[in-house]
Each structure stands twice: as structure tokens, then as C-alpha cells.
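Participant: Curious how this folds, go ahead:
(2 chains)
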There are 2 protein chains.
Amino acid sequence: ILHCKVEHAIKIYSIYTLNACSWSCCALFVVCAVHCQRFLMSRVGEDWIFLILLGLVMALVSFVMDFCIALLLQAQKWMYGGLDSNVILQYLAWVTYPVVLISFSAGFTHIVAPQAAGSGIPEMKTILRGVVLKEYLTLKTFVAKVVGLTCALGSGLPLGKEGPFVHIASLCAALLCKFMSFFGGIYENESRNTEMLAAACAVGVGCCFAAPIGGVLFSIEVTSTFFAVRNYWRGFFAATFSAFIFRVLAVWNRDEETITALFKTRFRLDFPFDLQELPAFAVIGIASGFGGALFVYLNRLIVQFMRKQKTINKFLMKKRLLYPALVTLLISTLSFPPGFGQFMAGQLTQKETLVSFFDNRTWTKQGMTEDFNYDSHSAAWKHPQANVFVILVIFIVMKFWMSALATTLPVPCGAFMPVFVIGAAFGRLVGESMAAWFPEGINTDGIIYPIVPGGYAVVGAAALSGAVTHTVSTAVIVFELTGQISHILPIMIAVILANAVAQSLQPSIYDSIIRIKKLPYLPELGWVVLHNIFVESVIHFIFQDSQMNRSSKEQHLFLKHCFLWSAESMILLGSIERAQLQALLTQHLSRERRLEFIRDRADAERKRVSVVSTPSSEEGGQKVNHEVRFQISTEESSFTPARPISPKPLKPALKRTSTAEKNIEIPTSPHDSGIGLKNLLCARPQTDAMEIEEWEEQQLDEQVNFNSWKIDPAPFQLVERTSLHKTHTIFSLLGLDHAYVTSIGRLIGVVSLRELRKAIEGSMTVKGVKVRPPLASFRDSGTSGTSSESEATELHKLWDRHTSISIPREHQPNTSDSDEKSQ
Amino acid sequence: ILHCKVEHAIKIYSIYTLNACSWSCCALFVVCAVHCQRFLMSRVGEDWIFLILLGLVMALVSFVMDFCIALLLQAQKWMYGGLDSNVILQYLAWVTYPVVLISFSAGFTHIVAPQAAGSGIPEMKTILRGVVLKEYLTLKTFVAKVVGLTCALGSGLPLGKEGPFVHIASLCAALLCKFMSFFGGIYENESRNTEMLAAACAVGVGCCFAAPIGGVLFSIEVTSTFFAVRNYWRGFFAATFSAFIFRVLAVWNRDEETITALFKTRFRLDFPFDLQELPAFAVIGIASGFGGALFVYLNRLIVQFMRKQKTINKFLMKKRLLYPALVTLLISTLSFPPGFGQFMAGQLTQKETLVSFFDNRTWTKQGMTEDFNYDSHSAAWKHPQANVFVILVIFIVMKFWMSALATTLPVPCGAFMPVFVIGAAFGRLVGESMAAWFPEGINTDGIIYPIVPGGYAVVGAAALSGAVTHTVSTAVIVFELTGQISHILPIMIAVILANAVAQSLQPSIYDSIIRIKKLPYLPELGWVVLHNIFVESVIHFIFQDSQMNRSSKEQHLFLKHCFLWSAESMILLGSIERAQLQALLTQHLSRERRLEFIRDRADAERKRVSVVSTPSSEEGGQKVNHEVRFQISTEESSFTPARPISPKPLKPALKRTSTAEKNIEIPTSPHDSGIGLKNLLCARPQTDAMEIEEWEEQQLDEQVNFNSWKIDPAPFQLVERTSLHKTHTIFSLLGLDHAYVTSIGRLIGVVSLRELRKAIEGSMTVKGVKVRPPLASFRDSGTSGTSSESEATELHKLWDRHTSISIPREHQPNTSDSDEKSQ
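Facilitator: Below you'll find the model as predicted:
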């Protein structure tokens, strides 16, 4: 059917085109393109074309970006190397270069699309949860993210490209969707777009690390609560294609001989590790768990500190680029190779550092005599004055706070890669210690198998990045990155232990950012058991008794929906979108109708009588039983902004703080139902007073055709005895905003995402019995500072707005900006 | 709170115990155990204890079973080797041994628990979908499955242990749940148990292959439609622990030196494959796709053939063990090494075959002079008369039909491993051909990298098993099985291509079995686009107009739920479980009440008047507006058995073919509502006629306390314009049986799982536009034979029954048994 329609549309379109352009080039091109596209669609299916295109584009983006980043880093090395005659000039070159790049990145991002700053994974998580954050999926954001990320990574600061890549891939998918919907087809469909976004997240990780499987799993773990196995297939397909193209490009570019892993390791296969080394791996896992939690805590602490210190804050907000520049200056000064940088391998880039960590030679040959030939990368770890252990410890400590600080900069950047490097360093430290402790390997049956510190580095990298992101799939990413799976059990054990520790101490870095930015997201249940707390303890009771209680209603959160109920029997009949109701009301009280009214004023008296009284006498008299009284309640979001908002020109001219309920009478016969409206939440231009109001009153009493309303007759209903656990599941599964709570068919209240979140967070700290591992108090004290509920954030405003205009940032109050700076 | 309760219960329990046993040993033990358990729970959390226990038990089961299977296989080899003086004796020993084992396995399974036969994955898929199949999770089934599987695999037939292991792990989890609910706590919770079953499936695969990641992913792909990321973590934890213990046991048993992969490969790391070999891998993928589809088709064909041939069928049903014995005889005769077996490496076990395929040496050294030293396993592929290629082709062809045939035996067995071996053989064949074609490797820049046929075998194994099961995660399983990930891109490409081809031709082996067994499951959407078909085209309209249409209702499927609606305004008020309604009715018309009635017959006249008339005059007169009329509709499952069923004693004595609707009047004030019942679907013992009927009529008009009913006031509602795609998603997400379709609050119909399934299958073949890949007609013709809807199967009866009594199998009609034989 669809096929025929498309064909028909094409015919019509082509005829029109032909007439208009009279056999012009343009028409030929269009016909050609349409034919070509039709052929492809019929053969392969639109989805697969879409996924292939997405994979291709992302592979190209990733490759080109990597190429540019490598160029930028090389330029810095070249400058640094060329100026080796003068240390001061060298220092200036070493420091100025990243400062300029980061400042440019921050400035560019700020001017083009401020929402491009940070990792993007928290926002994607929120979008996939069902909340529309339109600004985050525009072309502007794409440009800002790609350019900003390239500059930021080219600066050599400890920043990652993985989180931003998830965002870039999603942007790509959203833009492709828009592009392909030009050709018609199924791309207008909302749920389909969400599915494509989920696949895009996988592509993002996949083509960033050439890790298709790990990418799919990581994106699932990080962005989803419930996952459709359907999408899994899509993600695999697109991510594999993307990773394949990404690596093939490297082969074509003569960087590689064939397709291999990004950080290939060469550990021995026959005896990768001894069973008695497992405790050491477990120690790495547990320590990484604490380290990961500390990293998240530190990151949040820095954001909060910057936000709370008002004098600093005020100063920094004025000079927007000063903060990034200062941070960059600090970090690059400390890593200046002839200075302090010599104690922390400052001259190595992230990639070189990782390659040296994953090397399968041991750096400390205490028992042996030969001093093996250090290659260029490993040489950085050899210092005439200091021990390898000291250098590694300094590296870990310095990089730890540097990474936590750098990821708060308002540039597009992720935290995965820096954390990965720190984890590898820690693993290497443990591995080198083990190698020093057992120089001949742990004894097993005569054969000497020396300890491989590189294996420990791999384990540490997976464990720490797993702890920070609360994912297990970092293990898979590590296998794909290194091209070896021989350490699977140590890695799995370390990752699981790290996760267990980190999850009991802190939220994941992404959840932490979600809290800092106050994105509308439901927390994970995690360890909480809520089977015996019921939803009735959470709901907002609309009817305290049968009578309406107006005051209680006004507190309530309804962002986009109003609801209708039968006034007599309290039976919920449906809900309607607020925007639609507004549109209907403005249309009903529009200028045209007003003019018409003035024109027809002579007939007004008669008309009024006939309209208002006739239906009620005709139907109300005879079928009194059949009449159900509807009530429309439109209520206000309870997070009213704490500070004044700058005027927004395109905001529909509706008063947003008024609350009103109206009785609307309609007959129950479903097909020719009418509805009487009274004035509600409609801000009229305050020109005349009494007469116009009277007219409006009368207009709202008129009958309106009920069928043209897009009423959702089955908004989600819960029973009052539903457990919070089940409620959480249903909300997560269906991506609900709010649900109505009924008792034997009668509406008794409503529960919103916000209340549910509060309740779950509350029972996590108060009622949860088996929730808390021993160190949980640390977690509570860390998070309580952030949840000052009254503070309105930029994002809530964005969310509330339906049009996608970017507000000039200078009009915004000061503190709102620090939200986006946090990642 | 829970903790306190447990403590309290323990105190009470211990006091009771102490009194009863007077400080006996038993009491001490209980107190000890309870204390110990309480300590652990407070420290770790019940979930984790459960998962650790599950992992431990399954690892032990897997290890012991592997040990026994190895012993059994060794015994056969020993017998065969010891009798090498006489070929006839040798043949008898070679053939008798598997026949005895398979017959014992089939007999044991049949006697102890017939539902243990087959793979178990289809049943787990159905159970995780939300359908209760209680018989499949009992201790008997566990015993039958473990013993039967050990014997079946010990026979040396091409059978797998992976599918049954998923079932065994689930059984283990269900039994552990039962065991731990003895200690109280949260194990009674239904949804928690489902989550644990999902984790158990991962453990099953994980400890079978020592592949935790692949296990989790495979179990997700095979059993779930929507997956909670929460469970993912659980699965990882348990599967890793289980795999770890499984491999540690091997080390302790001195089988292995350290923890490594099961089928470790030693391919070169630096240059695993050339980019120009990729077309060959793609060919393997596409061919495997066709092969996988053919395997599923062949398997189903055999089952259908056995079922349709009535004379064969009749004979085989009488002699239940004859079919397995004959099949075993045929297969082992053909693989007798001195006979035809010499052309298909008959003397190798499955494990040895795989090891020889994954060997990294090339068998055909055409360009080279040296004839390398064949080791014991690879020697089987060298035949003085025949070429290696011929032997490989014979092996593939023979094993193909043998595996398809063997997996239809009524013993616990899976199809994964046999298919895996065939795929490896096919890959090896392609690899050896490539090696013969390019004896010096494909030329790249001077260095000679010879082709590794073992790599092709790995690719083939992953591709064919992926095609048969419709999963991508076989790739991950293969990495974990071989311990090498260097071939990741070829494997991913081959697996994805194989999946694309196989999914367009045939359902997966598990979906095929679901169809054959007619398990209640919703098909996957797959390639189908159903965004523009709406649910209104599927629903069963209850009210053709405002008047009730009785005849249309009777066709409808309601297995467990009845529903209540307001008769006047057609507003759905709630649904009630059929069982509860039945219980209420039988209690209401029970023997006690009848006797009481006879006793009070003197007062009967007065009572009848007061009961029937008083409420209606009192409330009906004054509050006529407030009264909502309820209707209870209880309808009949439409798959009435086609042949007579043997009488089931415990079946509630309710007539199942009668349909009735009753008007029940209740006042709408929610707290003291009453309900009047009339006679519905209640089969009365046919003793008296008029008097009793009159009494019952009157009883049903009496008021019943509405609050004691467990009414679900919010059964799931859909709008009539919901797309089929969304409907499918919601059904899958929430595991629904049926949903009510409403239009502006009014109930207009109902859509059940069955109708939705039919509609989706229908639009897959008829309306789906972009659905069909070129070869789809093959798929349709293959499946149309199985969907004869009128045929009632064993499973539907099982499902329909609420008690878990095993029916004596001999009373069953003949054809019903072949359902369980199919896998």
C-alpha cells in the first residue's frame, strides 16, 4: 500500500516538476534520485539504508576527526621539539597552544550551541527515556560538537571522545532522519526515531573504539533502562559496519597493514595468568571501585564549589573564557616535560601512554641483569632520579585530579578515556609490584611463567572505567580495543567487584551529571527493594473527599497534559495535550471570531439563546442518565522559576500561572458530541473589560465538536495498591510522564515522574532496608547538597518550551550556566 | 521493617522449636542456620547470595555432568578399542551402547517428567514472556533433564547441551527460590522470580561454555523481547561466577594448568587475516544463512512427517522407545569407523572434532613438499583413498541431516552444538580451499602470511549457529570459547550476513519449536513495518452497536480474566480473575449455603422479598443517577479440544462452554458497595430442576460485598487508533494477555494475544510491504503446514490447567505426543 502511495506521489510530483521546469536538469535529477531511492527501498528496506548511511557517516567523521586531532597533537610536538634551544620559549609554546585551542573550543561551543558542551550521554539517556530535548539534536549542535571536540582533544588535556561521540552519532541519526523524511516514508514516526537513536548510541561508541560489541553493550547499559532486543540487532549491524569502515579507512590510509585492534596487545596465549594471581586482580577491582567513586565525587565537588563561591562565580561568568584558559594553563604547566612533567611522563599523549602501559614487557627487572632496550614510549617512564613506582604513583595522583577538573570545562568532552588511562596506570603499578615481588613468576610445576604487568594494566583500565560509568561492558570494550580476550576472567572479576563497590558509594558519572543538571530522569532502582511500599503513599490525591479541593490541585505538576473526568462518578475519561487545548481555545477566541461577532452583533441575542439553551433542553431533559459531565483541569508546573526570565517573544501568549476548572457538558452519544467551554488559562489582550469578557464567557458556553480533539482516552492508570517497584518498572518501560491512580474505576489521584523520583530517592535513604552497603553514608552526604529542588535550571526551561529557539545566553542569570559547564 | 519481621518470626519460630524438640539438635541447627542466614543477608543482600548459590550449583552440575559424559564416551572408545579383533563384535558394541543410552534417556525422561524432553529454550522464552508453565519448573523435571541429558550426550550422537542447560539453570533458580522462600523474605514475589529466571538463563549458557558475556547476550537474544538493564547486571554477575567456578574446578581436577578457554586457538596475532579475504568470509556468512534456514526447515519437516504418517505414528506411539532406538541405530551404523564412518571421521567425538577444526595448521599443503606430522585428531581427516575436501563435504552433508534428525528425539538435547560443529566444518572446507587456491597467502607487500583455515572454521561455526538461532551473540560465544578475538570483524560480518539471510527465510529454531508446540507466544516483529495498521482492524468488537450481541462474544478467548463494565455508559470499570470469580460463585452456591437454605426454608419467603426488593427500592429510587450497572462477561476459550479429553478429576466442576451475561447492580459509593449476582457459567449437579434453579437465581440477585473481590481496576486499555507496532510493543513490554480497546472512554472491544499474533502473522504475509526479502515465499510455504489452528496440543491443555497434576500419558490420544518429541 505504502509502496503504491509513494509511486503515486512520485508520478504526481514528477509531472508537476516536468511542467514547471520543462525538462530541466533539476527535474531529471529529482526523478533519478527518486527512482534510485525507490529501487533501494524495495530491495533492502529503509531501515538498513539508514543504518548503513549512519555507519558510513560516523566512520568518516571519526576517522577525519582522529586525523585532525593527530595533526594538532603533532603540531604541538613539532613546536615543542623545534624550540628546544630555549626553555622559556618552549614553555610558552607548550602552554599557549592548548590554552588557545581550549579557549577557541569553549568560545565556539558557547556561541554556536551551548548545549554541545559536556559529554552528551546524560542528555541522550534523558532523551531515550522519552523526554524531548529538541535543542540537543540540531545541526548547530552537531557542528559545535564536532569542531569543539576536535580542538579540545587536540589540546592534549586529559579529555575523552567517547561520550561526545555518542552524542554526535545521535545528532547524525536525528539529522539523517530529517533528511530522509524529505523523501517521505516512515521517518516521521516518533517511536521509530527513538529506536534509531538507540542504535546511533551504539554506533557512536562502536566507531570511536572500533568496538562494535562493546559499543552496543555500553550504550545499552549507559542509556537504557529497558531495552528492546529488536534494537540490539540494529545496533550491532550499524556499529559493526561503522567499525569496519573506520578500520578499513586506516588500512587504505596506509596506517595499518590489515584490520586489527586499536591498542593491540601481544600477551602470551598459552598461560595468560596464574590462578594465584587472582587475588591481585581482585584487589585492583576493589581499589578501582573506591577510586571510581572518588572520581565522581571529586568531579561533582568541583562543579559545586565553582557554583557556590559567588565571587569567583561572578567573575568567571563575566569573563566566560577565563575559567577554561586558567584550568588549561594549570594543567599544561604541570605537565611541561622539562619541569614537573618529567615525573609524570608529560610528553606522552593519551594514546602513547596507553600503548606503553599495555606493553607486554616488564619495566622492573630486579632479578635480572639485562637492562632491556626501552623504546621511545616506554622511555618516558624511566627517570634517572626516580623509581618507576614513584613516577607511576605521581602520574596516577596528578592525572586523577586533572581529569576530574578538565571534565568540568565547558567544552565537548568525555570522562571515559582519561579514567581508562588512569586505571591502566594503576593496573600497571600493581603489575609491576607483582613482577618485582615474584621476579620468576608464581611457581607452578617447574615451568617459569613470568608475570605480565601489561595484563594488569588492561584489568585496571577496565575496572576503573567500569566503576566510574557503572558498566560491565567496559570489559568487552577492552577485549576489542586490545584484540585479546585471554584475561577474560580476571577482567570480569575486577569489573564486577569495582562495580559493586562504586555502585554502593556514588551514582555513575552520568547519573551524577543528570542530578547536577537536574535533567528529568527516574533514578535506577539498583539495590533498593520497594516491593512493600505502595503507590498510594506517593500519589497526589486530587479529591480529598468527593468535593473538589482547589488549593491542593495547584501544587501539582502537569507539563503537557490536562485530563478529563466524569464529574459524577469520578471516572477518568481521557487526557488531552495542553498545547492542543490552548490552540483550541485561542482559535475559539480568535480575532476572526471576534470580528465576526461584532459584524453579527445584531443577531447576537437570538443566537446566544439558541446555542446555549437548545441542546441542554433537548438532551438534558430527556436523557438525563446519559449525560456525563466533563471537567477539564489545567494545572501549573510546580517548579516556577525562582528568578525572572527574560521575555521570550514566541512563547504563546497564555498566562501560565492561572489555574481554572471548567464544567463542560457534552451528551454521551459518541459521534455528534459537542462541548461547552468556559474561559480557562487563556490570557486575553487587556483592551476592553466587561463586554469582551461577557462575549468570551458566552463563547465558551458554546458547543464545540468533541471529535476534532485529539483526546487520549486511555491515559495510563495504576491501582492504588501497586508497589513502588512495579510503578517504577512501568514508568521506565513505557517512558511515562505521569499516571492516574484509580480505585475501582474511580480517579483518586495522580502520580508524576517527579514525585516518584522523590519517593524512590526518599526510600533509598530512609525506608530501604537492605539497600545500604557499609559506606553508603558517604554517598548520601555527597548527593544531598545537589538536590536543592527549588532551583530552576536551564534545562527545565528548555524542556518546557515547545519551540526550539536558542535564547541569547547573555540575558540569562549567572548561575544557570554552570549547569552545562559541569561536563 | 522486613528485617524486624524476620527477626520476630525467627524468635517465634525458635521458641516453638525449642518447646517441641526440647533443646534437640534439630532446633540448634535451625537457629544456627537462621542466624547465619540473617547475618549474610544483612551484609550482602539476598539477591547476591541467591546468585552466588545459583552460580555455584550450576558450575558443579556442569562440571559433574561433563565428567560423566566424558566417562561414558571413554567407555565406548574403550569397548570399541578392546574388540578390534572382530569387526562384528566391534560393530555390535559400537551400536548397542548408544542405543541403550538413548533408550534409557528417552524412557527415563518419559516416566519421570515428559516435559524435560527437548531443548527447553522455547519454553523458557514463553515463561519469561509471562505465561505460567508450572510443570516446566519442578524438581522432577530437573532430575529428568540432568540424568537424561547426561545419557543422551554420553551416547555420542550429534546433540548439544546448551539449550537444556538454559532450562536446567532455570529449574535450579526456581528450586532455589522455593528453598529460600522457606527462610522468608522476598522470594514469594512473582516479578522478582521472573528476574531471577532471566539471570538463570544467562548462567546456563555461561557455565556450559565458560562464556559469561556470550551467555548473557545469548540468553537475552534468545529469551527476551524487552530486557531490563537491571537484570543484565545480575546475569553478568552470576554467569561470571559460574564460569569461574566451572573453570577453576577443571584446574583443581588437574585437567588444565590455569584458567583458559575451552577450545583455545593459537592463531597468529600480528596479521590475523588479509583485507582481501573478507569476501570469502562474507560467502561463508551468506551460505551459512541458507544452511541455517535449511536446517530449521528440515527439522520441522521431520517432525511434521512423523506426525502426519498415521500408520508410522500409531506404531511408534505404541512402542515408545522404538523411534529413538531406530534413529540411534541408523546414525551410529553410518558413523561406524571401519564402515562408512571412515569417510566422515566417525571415531571423533564432538569435542575432538572441534579441536581438530580449530587447529591452526593447514591440512592441504599442495605447494609445499613436507607432509606434516598429523596428530591423533587431525589424522582422522586423512584418508588414503579420499581427498580432505571429499571427506569434509561428506561430513557436512551427513552431520547435517543426522543433527536435524537427532534433535527431534524425545530426549533432553539441544541443537546448538551440532550446528556449531557443522558450521566449523563448512568454514574449514572454505578455508582449506582458500589455502589450496592461494598457497602462499594473498600477496601483501612482500611478506608471506599463509591463510589460516582454522580462522575460517571459527567464522563458519559462529555464522551457522547464529543463523539457526537468529542471534548475533554467537560471535561473542566464539571469542570466549576460543580465547581469541582477533577475527572479530570477519566473524561479525559473517554472523550478521547469516542472520540477515536466515531471518528472511525461516524462523529461528526456537521460534519454529514454539510454533510446532503451539506455545502461547507473540512473534517478533522482525522486518515488518506495521506503523500504519491500527489496532481497530484487529479487535474483537464486543458491542456491534449499543445492544449486546451475544453470538459474537462466544467466539472469544478469555482464559483467566473476566471484565466488568458499566452497562449504561460502556465505561470499563475493571477486570477480575476468572478463577476468583469461579471461587466466589461456588462459595456463594456451595453445599453449606444450600443446607442452610433448606434449614431456613420457613423464612425463605420473607427473606427473598427483603433481599431482592429492599436495596433496589431504597437506592434505586433515590439515587438513580448514582447507580452504575455492572455486567460480568465470562467467555470461553476458542480452542476447544478437537478430540475428547480424558476426564480430569480436579478440574473445577464448571461448565466450560456456556456463556452468560448478568446484570449486577451496585451503588457507586465505594466503600460499602454490594453486588447482585445471577447464575453464570456455574455447572450445578443436575439433581433437582426448578426449585434449585430458582434458589440460585435468587442467591445471585443477593448483595455481595464488592470489596472482598480482588478486582483489577486498571486493566490495560488501548485506543482504537493505536498502531499494531505500538500494540505489539506494549504487549511485549508488559507481558499482556489481552487489552481492552476503548474509544473516548467507552469500551468498544478487546484484543487478545492470540488475535494480535494472527494479525501480525497475517500482515507479515499479506499487508507487509517492505517485509519480504526475495526468498520469502519459501518461508511461507514452509510454515503454513504447521499452523492448523484447530489442532489442540498438549501444551494448551497444560497451560489451561491450574493444578500441576501430570496426566497419565497412556490415556492421551496418539498425535499429541509428537509435540514433545520435536525437540
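
Participant: who touches stretch A:63-70?
Facilitator: By Cβ atoms under 8 Å, 6 or more residues apart in numbering or on different chains, the residues outside stretch A:63-70 that reach it are A:146, A:149-150, A:153-154, A:161, A:246, A:249-250, A:253. Every C-beta, even on glycine, is put in place using the N, C-alpha and C of the backbone.

Participant: residues of it that come out buried?
Facilitator: If you call a residue buried by 16 or more other Cβ atoms under 10 Å in any protein chain shown, then stretch A:63-70 has these buried ones: A:63, A:65-66, A:68-69.

Participant: Please apply the same query to stretch A:321-339.
Facilitator: For stretch A:321-339, a neighbour-count test (16+ other Cβ under 10 Å) marks A:321, A:323-325, A:327-328, A:331-332, A:335-337 as buried.

Participant: Just name the closest of these to A:I127, please.
Facilitator: A:P324 (26.5 Å; Cβ to Cβ).

Participant: in which helix or strand would I find that closest one?
Facilitator: A:P324 belongs to helix A:322-334 when assigned by DSSP states H and E.

Participant: Against which helices or strands is that helix packed?
Facilitator: If you count contacts as 3 or more Cβ pairs under 8 Å, 6 or more residues apart in numbering or on different chains; DSSP states H and E, helix A:322-334 packs onto helix A:87-112, helix A:310-318, helix A:388-406.

Participant: Which one of the buried residues of stretch A:63-70 is nearest to chain B?
Facilitator: Nearest to chain B, judged by Cβ to the nearest Cβ, of the buried residues of stretch A:63-70 is A:F63 at 15.6 Å.

Participant: tell me which residues in whichever strand or helix holds that closest one are buried?
Facilitator: Assessed by DSSP H and E, A:F63 sits inside helix A:46-82. Buried residues in helix A:46-82, defined by neighbour count with 16+ other Cβ under 10 Å: A:46-59, A:61-63, A:65-66, A:68-69, A:72-73, A:76, A:79-80.

Participant: Name all residues that make contact with the nearest residue to A:R266 once chain neighbours are set aside.
Facilitator: Leaving aside its sequence neighbours, A:R266 sits nearest to A:N360 (Cβ to Cβ, 6 or more residues apart in numbering or on different chains; 5.4 Å). Contacts for A:N360 (Cβ under 8 Å, 6+ apart) come out as A:265-268, A:452, A:454-455.

Participant: and A:F104, what does it touch?
Facilitator: Per Cβ under 8 Å, 6+ apart, neighbours of A:F104: A:C151.

Participant: ugh, wrong one, A:S433
Facilitator: Applying Cβ under 8 Å, 6+ apart, the residues near A:S433 are A:F389.

Participant: Mind pulling the model confidence for it?
Facilitator: Per-residue pLDDT puts A:S433 at 90.

Participant: could you give the angle of the helix or strand containing it to helix A:388-406?
Facilitator: Assessed by DSSP H and E, A:S433 sits inside helix A:416-437. Counting by axes from the mean of the first three to the mean of the last three Cα atoms, to 10 degrees, helix A:416-437 points 170 degrees away from the direction of helix A:388-406.

Participant: May I see the buried residues of helix A:416-437?
Facilitator: Neighbour-count burial for helix A:416-437 flags A:416-436 (criterion: 16+ other Cβ under 10 Å).

Participant: by contact count, what packs against the helix or strand following that helix?
Facilitator: Next helix or strand after helix A:416-437 toward the C-terminus (DSSP H and E): helix A:453-469. Other elements packing on helix A:453-469 under the criterion 3+ Cβ pairs under 8 Å, 6+ apart are helix A:212-223, helix A:278-308, helix A:350-357, helix A:416-437, helix A:474-482, helix A:488-505, helix A:509-517.

Participant: now, the most widely separated pair of the contacts of stretch A:63-70?
Facilitator: Farthest-apart pair in the contacts of stretch A:63-70 is A:L149 and A:N253; separation 20.6 Å (Cβ to Cβ).

Participant: Between the two, tell me which one has more neighbours.
Facilitator: Shown here are A:L149 and A:N253; by other Cβ atoms under 10 Å in any protein chain shown, A:L149 has more neighbours (29 against 10).

Participant: which of the contacts of stretch A:63-70 are buried?
Facilitator: Judged by 16+ other Cβ under 10 Å, buried ones among the contacts of stretch A:63-70: A:146, A:149-150, A:153-154, A:161, A:246, A:249-250.

Participant: could those residues go into JSON lines alongside pLDDT?
Facilitator: Shown next, in JSON lines, are those (pLDDT from 0 to 100):
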{"residue": "A:V146", "pLDDT": "93"}
{"residue": "A:L149", "pLDDT": "93"}
{"residue": "A:T150", "pLDDT": "93"}
{"residue": "A:L153", "pLDDT": "92"}
{"residue": "A:G154", "pLDDT": "91"}
{"residue": "A:K161", "pLDDT": "87"}
{"residue": "A:F246", "pLDDT": "89"}
{"residue": "A:L249", "pLDDT": "89"}
{"residue": "A:A250", "pLDDT": "86"}
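
Participant: List the ones among those that fall in strands.
Facilitator: Among those, no member falls in strands (criterion: DSSP state E).

Participant: pLDDT of stretch A:224-244, averaged?
Facilitator: Stretch A:224-244 comes out at a mean pLDDT of 83.
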